[in-house]
Each structure stands twice: as structure tokens, then as C-alpha cells.
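**Student:** Got a sequence here, can you model it:
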Amino acid sequence: MDDIFLKASKLKLRFDTTKGELSVEDLWSLPLASNTGRVNLYDIGNELNRQLQASGDVFVDSDKPRQNDRVELAFNVVKTIIEDKRAEASANRDAAEKAARKQRIREILAEKKDGALKDKSIEELEAELAGI
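**Tutor:** Down below sits the predicted model:
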């Protein structure tokens, strides 16, 4: 992965969008998708993929440089950022679910402790209170 970002930075790779050119660093702040026409990673990736498909470059002849090496690099950068953002979102969802589960368990524990406390006799409660 680091290799494509190294190449991208050496080439000062830029991404054409409806809002102007963006650098690799700018891509990290974009949303994955947008329903409001906002610049997003899926649209950029789809456009780069369309350019690759339309080029008709033959990938078998690796001795001569292809015209679309730059487009392919740009596509791979966008694809890597999308994969990273998806993995991060998934990890955040998992962490939020675990935190919610822990909170629910704490609430149930508190209810059970209250229930056990309510079941004690007056004498037991007074003795416990005196011991605190």
C-alpha cells in the first residue's frame, strides 16, 4: 500500500472533480458516497474505472509503458482509501455495538443489585447501613 502513495506523492498526483483538482491528502476527507451531488470517493473511483475501461490498454505487454499508468495509479489510490475508510467504519460500528452492550449489561447488573437489596429485611438493611 505504501508504494502507491509514494508513487502518487512523487508524481504529485491530482484528481479532477466537479469542484476542481484534489490531492491525495484531500481524498481522505471526502465521504464514501453522496446523495446531494457532493464530491465523493465512489464517483471519483467510478470515473477512473471508466477511463481505464475505455483506454483499451493491453496489460500483457509489460515491457512498454502504458498510457494509463497514471490513471491506474489514481484508481488504486482511491480504491485503497475506500477500503481503509470502510474498514474504519466497520471497526467503529463494532466498537459502538460493544459499548452499547456493555452499558446494557451494567444497567441490568444495577437493577439486579437493587432487587437483591430490596429483598433484604429491615434488620439486614440497618446492619449494612451501620457498617458503611
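**Student:** Point me to the helix or strand that includes the spatially most central residue of the chain.
**Tutor:** Nearest to the mean C-alpha position of the chain, by C-alpha atoms, centre = their mean, lies residue 85 at 2.5 Å. Using DSSP states H and E, residue 85 sits in helix 69-118.
**Student:** what packs against that helix?
**Tutor:** Helices and strands touching helix 69-118, as assessed by 3 or more C-beta pairs under 8 Å, 6 or more residues apart in numbering; DSSP states H and E, comprise helix 2-10, helix 24-27, helix 41-55. C-beta here means a position set from N, CA and C on the backbone, and glycine is covered the same way.
**Student:** now this structure, which segments are flagged as low pLDDT?
**Tutor:** By pLDDT under 70, the weakly predicted segments of the chain are 1, 57-67.
**Student:** how far off helix 69-118 does the helix or strand where residue 126 lies point, in degrees?
**Tutor:** Residue 126 is part of helix 122-131 when elements are defined by DSSP H and E. Put simply, helix 122-131 runs at 120 degrees to helix 69-118, going by axes from the mean of the first three to the mean of the last three C-alpha atoms, to 10 degrees.
**Student:** Compute the distance from the centre of helix 122-131 to the centre of its chain.
**Tutor:** 53 Å (C-alpha atoms, centre = their mean, to the nearest Å).
**Student:** how far away is residue 128 from residue 46?
**Tutor:** From residue 128 across to residue 46, the span is 67 Å (C-beta to C-beta, to the nearest Å).
**Student:** again, but for residue 89
**Tutor:** From residue 89 over to residue 46 (counting by C-beta to C-beta), the distance is 19 Å.
**Student:** Neighbours of residue 26, how many?
**Tutor:** Residue 26 has 15 neighbours, counted by other C-beta atoms under 10 Å.
**Student:** Excluding sequence neighbours, find me the nearest residue to it.
**Tutor:** With sequence-adjacent residues excluded and distances taken as C-beta to C-beta, 6 or more residues apart in numbering, residue 26 is closest to residue 15, at 7.7 Å.
**Student:** Tell me which other helices or strands the helix or strand hosting that neighbour touches.
**Tutor:** Using DSSP H and E, residue 15 sits in strand 14-17. Judged by 3+ C-beta pairs under 8 Å, 6+ apart, strand 14-17 is in contact with strand 20-23, helix 24-27, helix 41-55.
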